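Peer 1: pasted the sequence and its predicted model underneath.
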Amino acid sequence: MSSKRIVVTGIGATSPLGGNARDTWAALLSGASGATTLEQEWVAKWEIPITFAAQAKVPSSEVLERIETKRLDPSSQFALTAAREAWADAGSPEVVPERFGVDWATGIGGVWTLLDAWDTLRERGPRRVLPMTVPMLMPNGPAAAIEMSLGARAGARTVVSACASSTESIANAYDHLQAGYADIIIAGGSEAAIHPLPIASFAAMQALSKRNDDPATASRPYDVTRDGFVLGEGGAAIVLETEEHALARGARIYAEVVGGAVTSDAYHITAPDPEGSAAARAMIAAVEGFGYSLSDVAHINAHATSTPVGDIAEFKALRHVFGDSLAGIPVSATKASTGHLLGGAGGIEAIFTILALHERTAPPTINLTEQDPEIDMDVVTAPRTLPDGDLVAISNSFGFGGHNAVVAFKTV
């Protein structure tokens, strides 16, 4: 059992629903969709088969300095935007730099920088390739941007575990605070992969929804007509610190981090284990491994990508964990609104889980018109009030490679 209480004192985000965490949350509760038709010329030029995605609501150019947008890949731009907001939301605490760390994540990294540089090399030669190309494309670029901007010297670590990445970063931050490596850590993830190559690749593997004519309703977790996920982009950050450190500075506390867990399927590079056994182990470990009971879980933010196979596998894992009591737990599938932020998904969904507890409101799952009869659980389709008392909620993330990550939060 853990020896320190770890709490959340700041949140920040830039997403397809809003340029900050609060606007994103408000849009989520209102039932908005961040998916829109892509207007970029490259869609027609390269005959991209999927013509929509969930793009960031507010461009980084409207938030960051021009020099920052020139020297940072979009994935790092999203990271810096979210982290600065979270840090300000936490009160910009005074902390010894050597006791302040970063645990960040991405699923793909600087794909825009890498592929733009390749185009430059092919079309204009090696002398025109920018000298900042490698620092910009590195997967650890976002973590580096955050630690340099905010002065964090207790380590700036990067997790790359596909769509489980930023949930794993939060679990790691919890462990690092428990181990005494820092007093305060910014954790989360970012992704900027709305680029012709990733879209073409995901389309080739039949992973994306094909609803080009109606992007807003394309992401349909648990619906009988679901046909794939909607690619999203953005970043999300949370400030975690020991309760002792937070109370000493009089910080506002959103929620307590119960714990986190990581497992692997050892099954297939893209498909989940159809029985969800390793995913189930992660859920159990994230709750029971830290001294709580599964009966304490009052809300679930599901991974729920809107793929035919993935949604079923997660449901089987949930049934394995909660049994008949699953019917009494409200489940939210928020990718229906945000799209799938890949390595950033767990970060934004952690914020949704934290705010669900803090405001005792489970967010809605939009676009669910006919629930798959094989998925027999209580899916929230309109904002729902959560009960009084101490509540635990979990956020699930599962990624290509068989990566499973779950983090659990509690009301304070």
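Peer 2: Received it, and whenever you're ready, just let me know what you need.
Peer 1: all contacts plus neighbour counts: C-alpha atoms, from now on.
Peer 2: Noted.
Peer 1: what about residue 125, how many residues close to it?
Peer 2: Other residues lying near residue 125 total 11 when counted by other CA atoms under 10 Å.
Peer 1: what are the ranges of the helices in this structure?
Peer 2: 21-30, 41-45, 66-71, 74-89, 111-124, 133-137, 141-150, 165-178, 196-204, 243-248, 277-288, 308-322, 335-338, 345-358 (DSSP state H).
Peer 1: okay, the first one in PDB with CA atoms only?
Peer 2: Extracted in PDB, the C-alpha atoms of helix 21-30 (Å, rounded to 0.1, in the frame of the first residue of the first chain):
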ATOM      1  CA  ALA A  21      -9.400  22.700 -19.900                       C
ATOM      2  CA  ARG A  22     -12.500  24.600 -18.700                       C
ATOM      3  CA  ASP A  23     -13.800  25.400 -22.200                       C
ATOM      4  CA  THR A  24     -13.100  21.800 -23.200                       C
ATOM      5  CA  TRP A  25     -15.100  20.500 -20.200                       C
ATOM      6  CA  ALA A  26     -18.000  22.900 -20.900                       C
ATOM      7  CA  ALA A  27     -18.200  21.800 -24.500                       C
ATOM      8  CA  LEU A  28     -18.000  18.100 -23.500                       C
ATOM      9  CA  LEU A  29     -21.000  18.600 -21.100                       C
ATOM     10  CA  SER A  30     -22.900  20.400 -23.800                       C
END
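Peer 1: tell me what that helix is packed against?
Peer 2: strand 6-14 (3 or more CA pairs under 8 Å, 6 or more residues apart in numbering; DSSP states H and E).
Peer 1: mean pLDDT, distance to residue 212 and mean neighbour count added to the helices of the chain, as CSV?
Peer 2: Listed next are the helices of the chain as CSV, based on pLDDT from 0 to 100; distance: least, CA to CA, whole Å; neighbours: other CA atoms under 10 Å:
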stretch, mean pLDDT, distance to residue 212, mean neighbour count
helix 21-30, 98, 22, 20
helix 41-45, 97, 12, 12
helix 66-71, 97, 30, 14
helix 74-89, 98, 25, 27
helix 111-124, 97, 23, 16
helix 133-137, 98, 30, 20
helix 141-150, 98, 31, 22
helix 165-178, 98, 28, 27
helix 196-204, 98, 12, 16
helix 243-248, 98, 47, 15
helix 277-288, 97, 32, 23
helix 308-322, 97, 18, 21
helix 335-338, 98, 15, 31
helix 345-358, 98, 22, 28
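Peer 1: any chance of these in CSV, with distance to residue 397 too?
Peer 2: Formatted as CSV, the helices of the chain follow (distance: least, CA to CA, whole Å):
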stretch, distance to residue 397
helix 21-30, 19
helix 41-45, 30
helix 66-71, 29
helix 74-89, 19
helix 111-124, 22
helix 133-137, 24
helix 141-150, 20
helix 165-178, 6
helix 196-204, 18
helix 243-248, 26
helix 277-288, 9
helix 308-322, 10
helix 335-338, 11
helix 345-358, 6
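Peer 1: any idea how far stretch 144-152 is from the chain center?
Peer 2: Mean-position distance between stretch 144-152 and its chain equals 20 Å (CA atoms, centre = their mean, to the nearest Å).
Peer 1: what sits up against that stretch?
Peer 2: Contacts with stretch 144-152, where a contact means CA atoms under 8 Å, 6 or more residues apart in numbering, come from 76, 79-80, 83-84, 97-102, 153, 156.
Peer 1: okay, residue 2: pLDDT?
Peer 2: In the predicted model, residue 2 carries a pLDDT score of 52.
Peer 1: cool, and residue 294?
Peer 2: So, for residue 294, pLDDT stands at 97.
Peer 1: surely it and residue 322 touch.
Peer 2: Yes: Residue 294 lies in contact with residue 322 (CA atoms under 8 Å); the separation is 7.1 Å.
Peer 1: hmm, residue 402 is touching residue 268, no?
Peer 2: Yes: counting by CA under 8 Å, residue 268 is a contact partner of residue 402 at 6.5 Å.
Peer 1: show me which of these two is the more surrounded one.
Peer 2: Higher neighbour count among residue 402 and residue 268: residue 402, with 23 against 11, using other CA under 10 Å.
Peer 1: and the spatially closest residue to residue 372 that is not a sequence neighbour, what does it touch?
Peer 2: Spatial nearest neighbour of residue 372, chain neighbours left out: residue 224 (4.7 Å); criterion: CA to CA, 6 or more residues apart in numbering. For residue 224, the contacting residues are 370-372, by CA under 8 Å, 6+ apart.
Peer 1: same thing but at 10 Å, please
Peer 2: Residue 224 sits next to 306, 308, 368-375 when contact means CA atoms under 10 Å, 6 or more residues apart in numbering.
Peer 1: what do you get for residue 350?
Peer 2: So residue 350 contacts 11, 166-167, 170, 188, 236-238, 301, 356, 393-397, 406-409 (CA under 10 Å, 6+ apart).
Peer 1: give me the contact list for stretch 111-120.
Peer 2: 72-75, 121, 123-130, 132-139, 191-198.
Peer 1: run the last query once more with 7 Å
Peer 2: 73, 128-129, 133, 136-137, 193, 195 (CA atoms under 7 Å, 6 or more residues apart in numbering).
Peer 1: now those residues in JSON lines, with distance to residue 287?
Peer 2: Listed next are these as JSON lines, based on distance: CA to CA, whole Å:
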{"residue": "73", "distance to residue 287": "36"}
{"residue": "128", "distance to residue 287": "52"}
{"residue": "129", "distance to residue 287": "49"}
{"residue": "133", "distance to residue 287": "42"}
{"residue": "136", "distance to residue 287": "37"}
{"residue": "137", "distance to residue 287": "36"}
{"residue": "193", "distance to residue 287": "32"}
{"residue": "195", "distance to residue 287": "37"}
